[in-house]
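> Sequence and predicted structure, then a few things I'm wondering about:
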Amino acid sequence: MLSAVQVHHKPVKSAATGADSYDRMETIRSRSRPNGSAGFSLIELMVVLGLISIVTGLGVSTLRGYWFTQSLYGGRDQVITQLRGGQEDVVSMSSPFVSGVRFRVNSSTWALVRYSPGANLASNADDTCVQVQSFTFGSGVKVTAADFTVVTGITDFCRSKLPGAATDQFALFFARGTATAGSVTLMHPNVASKSVTVTVQPMTGRVTGS
């Protein structure tokens, strides 16, 4: 006797039924999304662009301030280097000359000078004072203040011999290692809150910056 064989038939989903289900799911998803979520509105774009402009502007301003400040420090270091170099030159040389640096207030130009006394010690008729080398601060750095002790017979003589030096200040170094006491201050017009000062000590000729 043949036993009955039970055949279980698995329900088959038609392609049409699957497509209908997919369409229903997409309809539910689209209803669950808020309006406008597919992109940015014009106002949102304007806000983002405004923020980018502000951040960029702040970055450029900070970079400019940093650049001007570094130029100021560079000018200070240059003055220190030349002052110390002048001191070393006059100490190492056997001839009795005086090395110095001339500064002019409200000017970006300054220079190395050399004073040499003549053979006639009774007068300065054969004395000389010449400008050795001129310098110019970069990026708008200027001398805003300068004050050095006046050495009678040298400072006034150099002021009379050098063009436009009637009111210039002279930092002078002597063979015995001493110097004229004083200081020079530098500033940058775009960094009004910042200044640097170079000071010369009279007894030792020491040059320092701050």
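On my side now, so go ahead. Computed from a prediction, not measured in an experiment: that's the story for all the values here. Numbering: from 1, shown residues only.

> Need the per-residue pLDDT for the nearest residue to R159 once chain neighbours are set aside.
Distances taken as CB to CB, 6 or more residues apart in numbering put A165 closest to R159, at 4.8 Å, once the chain neighbours are dropped. For the C-beta atoms, the positions are set from N, CA and C on the backbone; glycine is no exception. A165 carries a pLDDT value of 93.

> Same question for D20.
So D20 comes in at 59 (pLDDT).

> need the longest helix for this protein.
The single longest helix within the chain, with elements called by DSSP state H, is helix 42-92.

> mean confidence for that one?
Helix 42-92 carries an average pLDDT of 81.

> cool, stretch 124-141 as well?
For stretch 124-141, mean pLDDT is 92.

> got the contact list for it?
Here stretch 124-141 makes contact (CB atoms under 8 Å, 6 or more residues apart in numbering) with 67-68, 71-72, 74-75, 78, 82, 102, 108-120, 153-154, 157-158, 161-162, 186-190.

> Weed out the non-buried ones from these.
The neighbour count (16 or more other CB atoms under 10 Å) marks 68, 71-72, 74-75, 78, 82, 102, 108, 110-115, 117, 154, 157-158, 161-162, 186-188 as buried among those.

> Can you tell me which of those end up in helices?
68, 71-72, 74-75, 78, 82, 157-158, 161.

> From those, pick the one nearest L42.
F68 (39.0 Å; CB to CB).

> still on that earlier bit, and the longest helix of the chain, how far from the chain's centre?
3 Å (CA atoms, centre = their mean, to the nearest Å).

> which strands and helices sit next to that helix?
strand 98-103, strand 109-116, strand 169-173, strand 182-188, strand 191-200, strand 207-209 (3 or more CB pairs under 8 Å, 6 or more residues apart in numbering; DSSP states H and E).

> Compare those strands and give me the one nearest F40.
Of all those, strand 191-200 sits nearest to F40, with 40.3 Å by CB to CB.

> Okay, angle between that closest one and helix 42-92 too, please.
Orientation of strand 191-200 against helix 42-92 (axes from the mean of the first three to the mean of the last three CA atoms, to 10 degrees) gives an angle of 10 degrees.
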